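Peer 1: Need a 3D model of the following:
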Amino acid sequence: MNRPFKSYGHAARSLTSTAAFLLLLFPSLLPAEQVDIIVTAHYVVTMDAQRRLVQDGAVAIRRERIAAVGPRAEIDRRFQAAQRFDKGDAILLPGLINTHAHAAMSLFRGIADDMNLQDWLTRFIFPAEKKNVTPEFVRWGTRLACLEMLRGGITTYTDMYYFEDTVAEATREAGMRGVLGETVIGFPVNDAPTPAAALKLAEGFLRRYHNDSLIVPAVAPHAPYTNSDDTLKACRTLALRYNAPVLTHLSETKRENDDSLRDRHMTPTQRLDSLGFFRGRTLVAHAVWVTDGDIAILKRTNTGVAHCPSSNMKLASGAAPVVKMLDRGLNVGLGTDGPAGSNNDFDLFEELDLAAKLQKLTTLDPRALPARTAVAMATITGAKALGLDKEIGSLEPGKRADLISVRLDQAHAVPLYDVYSQLVYALKASDVTDVIVDGKVVVRDSRCLTIDVPATLAKAREYGVKIAQSVSNTRR
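Peer 2: From the prediction side, this is the model:
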């Protein structure tokens, strides 16, 4: 009676072996894995370590992460998706990363132009903020900013402002990723009468968003020149307690550097280093007037830099030595800054173009900051500057599914000889058609799905009337 069972077992093992052999020969016989989304396009710019560019490529997404990236035929063979977006003549690339912004200041867009930073701040911005900034102002201003950023392919942004918990709420509603810092400044502002009160707000913010999937809470001392040594040290101590990043402005203008050298016999970078300010994750914005010694400090402390070419040019602050920073191994990302007069928009494609051209102009070398490097600054290098490169910045299996689609069917997009060149020197923010953040579609065929566009624009116009009235005396 045992013999038949033995023969059946032998036959079953033979069938199993045969099946395995056939699957090796014909992998297409394997059942397809289930994913949520497959996106296909003519080009996939991965920005991985090999800078792999896939033609006729595809990205498979399962929940909030990338399952696979590769040729369309391979992805189609391996996966079956609940949703499929065939973008055709387009580029898929990682979501752009804006490493420095003030989102709610979108409601001050163009309030004061064509002046230097100190006049702009003291005569217009600080007074306008005192009269107008409330939690609701911040909510609607952030919604307006997120709408513009998402439509232009920005999936992650870094922010420094007031009522940052409201910024975070609006950012989450929009489905965006944010590294958001509660501002600490050495004079009374709308959400905190003292730096100590601001630090208390910042601690509550850090607690509320600890381990959030979209929001990275941060501490944001405005600048060395607007904070005391004790406040700057307290900001770092608080950040270390919660393993949070610190965001600040640094060496944006020559005047800032000259004042620091006169009063303290140190550059702003040297001053911060002497205070132990760089003991932990740090991102500094601008870094225009930095010396070779300053760059060495930033490199030693692994400090990220947000380069804001539009802002630095418009305020005549100067041109940051970005080529030198990159050559010395600093992680330099791109930032738009705020739209209240230091830039006027949140267009990172514009920053790509200007970043490359400004370095060519200042070094008198057309090979300085090539297009591929500029694209890296807006993606993977920006992610490194924020300490988030394990999660975002490139299209690789296991990373968060943050990606955008850019159309190539407009007059300014053809012919195409080099994808990176086209992205930096020809394509526009308005060419972005689709945006996915954390595996969720937030822009589809140029239509934002997460923000009430008519209501946001209407509210922005309302605020515009109110703000214009509040600053009318200042303009006289």
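Peer 1: Give me the pLDDT value at the nearest residue to T450 once chain neighbours are set aside.
Peer 2: The shortest distance from T450 to any residue other than its chain neighbours is 4.5 Å, reached at G175 (Cβ to Cβ, 6 or more residues apart in numbering). Where C-beta positions appear, they are placed from N, C-alpha and C, glycine not excepted. Note for G175: predicted pLDDT of 98.
Peer 1: G175: how many residues sit nearby?
Peer 2: As a burial measure, the neighbour count of G175 was computed by other Cβ atoms under 10 Å and equals 22.
Peer 1: K384 now?
Peer 2: Using other Cβ under 10 Å, K384 is surrounded by 21 other residues.
Peer 1: and the nearest residue to L369 once chain neighbours are set aside, what element?
Peer 2: Of all residues not flanking L369 in the chain, Q359 sits nearest, at 3.9 Å (Cβ to Cβ, 6+ apart). Secondary structure assignment for Q359, by DSSP states H and E: helix 348-363.
Peer 1: Contact partners for I451?
Peer 2: The neighbourhood of I451, defined by Cβ atoms under 8 Å, 6 or more residues apart in numbering, consists of R143, C146, L147, L150, E173, A174.
Peer 1: filter those residues to the buried ones?
Peer 2: Neighbour-count burial within those applies to R143, C146, L147, L150, A174; the criterion is 16 or more other Cβ atoms under 10 Å.
Peer 1: What score does the residue nearest the centre of the chain have for pLDDT?
Peer 2: Nearest to the centroid of the C-alpha atoms of the chain, with distances taken as Cα atoms, centre = their mean, sits I97, at 2.3 Å. If you check I97, the pLDDT there is 99.
Peer 1: That one: helix or strand, and which one exactly?
Peer 2: For I97, the host element (DSSP H and E) is strand 96-101.
Peer 1: what about that strand, distance to the chain center?
Peer 2: When distances are taken as Cα atoms, centre = their mean, to the nearest Å, strand 96-101 is centred 3 Å away from the chain's centroid.
Peer 1: cool, and stretch 247-263?
Peer 2: Going by Cα atoms, centre = their mean, the spacing between the C-alpha centre of stretch 247-263 and its chain's C-alpha centre is 25 Å.
Peer 1: Now for L275, how many residues are close by?
Peer 2: When counting by other Cβ under 10 Å, one arrives at 16 neighbours for L275.
Peer 1: That one and L232 touch, don't they?
Peer 2: Yes. Under the contact definition of Cβ atoms under 8 Å, L275 touches L232, with a separation of 5.5 Å.
Peer 1: Name the nearest residue to D292, ignoring sequence neighbours.
Peer 2: K324 (7.7 Å).
Peer 1: Can you name every helix or strand that the helix or strand containing the one you found contacts?
Peer 2: Under the assignment given by DSSP H and E, the secondary-structure element containing K324 is helix 322-327. If you count contacts as 3 or more Cβ pairs under 8 Å, 6 or more residues apart in numbering; DSSP states H and E, helix 322-327 packs onto helix 292-300, strand 332-334, helix 348-363.
Peer 1: mean confidence for the shortest one?
Peer 2: Strand 332-334 shows an average pLDDT of 98 in the prediction.
Peer 1: From the contact counts, what lies against that strand?
Peer 2: Applying 3+ Cβ pairs under 8 Å, 6+ apart, we find strand 332-334 packed against strand 96-101, strand 304-307, helix 322-327, helix 348-363, helix 371-377, helix 380-385.
Peer 1: If we use 6 Å, what do you get?
Peer 2: Secondary-structure packing of strand 332-334 (3 or more Cβ pairs under 6 Å, 6 or more residues apart in numbering; DSSP states H and E): strand 304-307, helix 322-327, helix 371-377, helix 380-385.
Peer 1: Give me the contact list for that strand.
Peer 2: When contacts are taken as Cβ atoms under 6 Å, 6 or more residues apart in numbering, the neighbours of strand 332-334 outside the stretch itself are 99, 305-307, 322, 325-326, 351, 355, 377-378, 381-382, 385.
Peer 1: could you flag which of those residues are buried?
Peer 2: When burial is judged by neighbour count using 16+ other Cβ under 10 Å, the buried members of the contacts of strand 332-334 are 99, 305-307, 322, 325-326, 351, 355, 377-378, 381-382, 385.
Peer 1: Who are the contact partners of E136?
Peer 2: E136 makes no contacts at all, as judged by Cβ under 6 Å, 6+ apart.
Peer 1: one more time with 10 Å, if that's ok
Peer 2: Contacts for E136 (Cβ atoms under 10 Å, 6 or more residues apart in numbering) come out as F163, T166, K459, Y463.
Peer 1: Now for L275 and L232: what residues contact both?
Peer 2: P224.
Peer 1: residue ranges of the strands in the stretch 151-300 of the chain, please?
Peer 2: Ranges of strands in the stretch 151-300 of the chain, per DSSP state E, counting those that start in this stretch, are 154-161, 177-184, 215-221, 246-250, 282-286.
Peer 1: Columns mean neighbour count on top of these, output as CSV?
Peer 2: As requested, the strands of the stretch 151-300 of the chain are exported to CSV (neighbours: other Cβ atoms under 10 Å):
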stretch, mean neighbour count
strand 154-161, 28
strand 177-184, 28
strand 215-221, 28
strand 246-250, 27
strand 282-286, 27
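Peer 1: for those, which one sits closest to G338?
Peer 2: Comparison of these against G338 by Cβ to Cβ identifies strand 154-161 as nearest, at 8.5 Å.
Peer 1: how near is W289 to P321?
Peer 2: Spatial separation of W289 from P321 under the definition Cβ to Cβ, to the nearest Å is 9 Å.
Peer 1: what's the answer for F137, then?
Peer 2: Distance check for F137 against P321: by Cβ to Cβ, it reads 37 Å.
Peer 1: from the chain's centre, how far out does the helix holding K324 sit?
Peer 2: Here the centre of mass of C-alpha atoms in helix 322-327, compared against the chain's by Cα atoms, centre = their mean, lies 20 Å away.
Peer 1: Repeat that for stretch 329-339.
Peer 2: Averaging C-alpha positions (Cα atoms, centre = their mean) puts stretch 329-339 9 Å from its chain's average.
Peer 1: now do stretch 142-156
Peer 2: Here stretch 142-156 shows a centroid-to-chain-centroid distance of 10 Å under the convention Cα atoms, centre = their mean.
Peer 1: Equivalent analysis for stretch 194-211, please.
Peer 2: Here the centre of mass of C-alpha atoms in stretch 194-211, compared against the chain's by Cα atoms, centre = their mean, lies 22 Å away.
Peer 1: For that stretch, buried residues please.
Peer 2: P195, A198, L199, L201, A202, E203, F205, L206, Y209.
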